[in-house]
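**Student:** pasted the sequence and its predicted model underneath.
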Amino acid sequence: MGEATMRRAGRALLVASVAGLLGACGILSGSDEPWDEPADYTYDATITVFGPSAGEWRITVRDHAVAGARPLDDTALGSSATLDDFATFAEYEAGHAQAQERGDAVSRLVRTRDGALKSYEHDGSKDAVDDEYLIVVSQVTVP
């Protein structure tokens, strides 16, 4: 089995595991409506992607824009990510809508009961390697 195939299989297993955990916790029964996003909030998330934003992060949103990204694990600490590599919940919602319009291979967005982002999974093309993206939000704080 080639390295790329092993990476895809590993990612598929991770995504399936996360979805199973979310389902077991009853989180998949979230809101159909997006969160009434405040101007300022912070969220902790684990991002799985072949790129600089991989790892665990604390993202700070101020005035509806990403204002800070603090690494929370070794993967994130070694990252070259910039603020442009992160998004607000509204930007994830917009990206999901655009991906659905384009007919991307995978675009799944899960919300909490109050409509906040819980997870977002995206794969633009089933044929492309290393374009998969998964974010799982573990905590949201509104000041």
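**Tutor:** Everything's here; your move.

**Student:** for the rest of this, base every contact and every neighbour count on C-alpha atoms.
**Tutor:** Will do.

**Student:** so where's this structure shaky on pLDDT?
**Tutor:** 1-29 (pLDDT under 70).

**Student:** would you map the strands across it?
**Tutor:** Remark: strands assigned in the chain by DSSP state E are 41-49, 55-62, 65-71, 106-111, 117-123, 132-141.

**Student:** buried residues, the second one. List them.
**Tutor:** I take that to be strand 55-62. Using 16 or more other C-alpha atoms under 10 Å as the test for burial, strand 55-62 gives 55, 56, 57, 58, 59, 60, 61.

**Student:** before we move on, what about stretch 67-75?
**Tutor:** Judged by neighbour count using 16+ other C-alpha under 10 Å, the buried positions of stretch 67-75 are 67, 68, 69, 71.

**Student:** identify the farthest-apart pair in those.
**Tutor:** 67 and 71 (13.7 Å; C-alpha to C-alpha).

**Student:** one step back: could the buried residues of stretch 67-75 be laid out in JSON lines, adding distance to residue 136?
**Tutor:** Below are these laid out as JSON lines (distance: C-alpha to C-alpha, whole Å):
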{"residue": "67", "distance to residue 136": "19"}
{"residue": "68", "distance to residue 136": "18"}
{"residue": "69", "distance to residue 136": "15"}
{"residue": "71", "distance to residue 136": "15"}
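
**Student:** what's the closest of these to residue 89?
**Tutor:** residue 67 (13.3 Å).

**Student:** ok, residue 46 - contacts?
**Tutor:** 54, 55, 56, 57, 135, 136, 137, 138 (C-alpha atoms under 8 Å, 6 or more residues apart in numbering).

**Student:** partner residues bridging the residue positioned nearest the centre of the chain?
**Tutor:** For the chain, the residue sitting closest to the mean C-alpha position, by C-alpha atoms, centre = their mean, is residue 135 at 2.0 Å. Beta-bridge pairing of residue 135, defined through DSSP bridges, involves residue 47, residue 120.

**Student:** thought it was touching residue 53?
**Tutor:** No. At 10.0 Å, residue 135 and residue 53 do not qualify as touching, with contact defined as C-alpha atoms under 8 Å.
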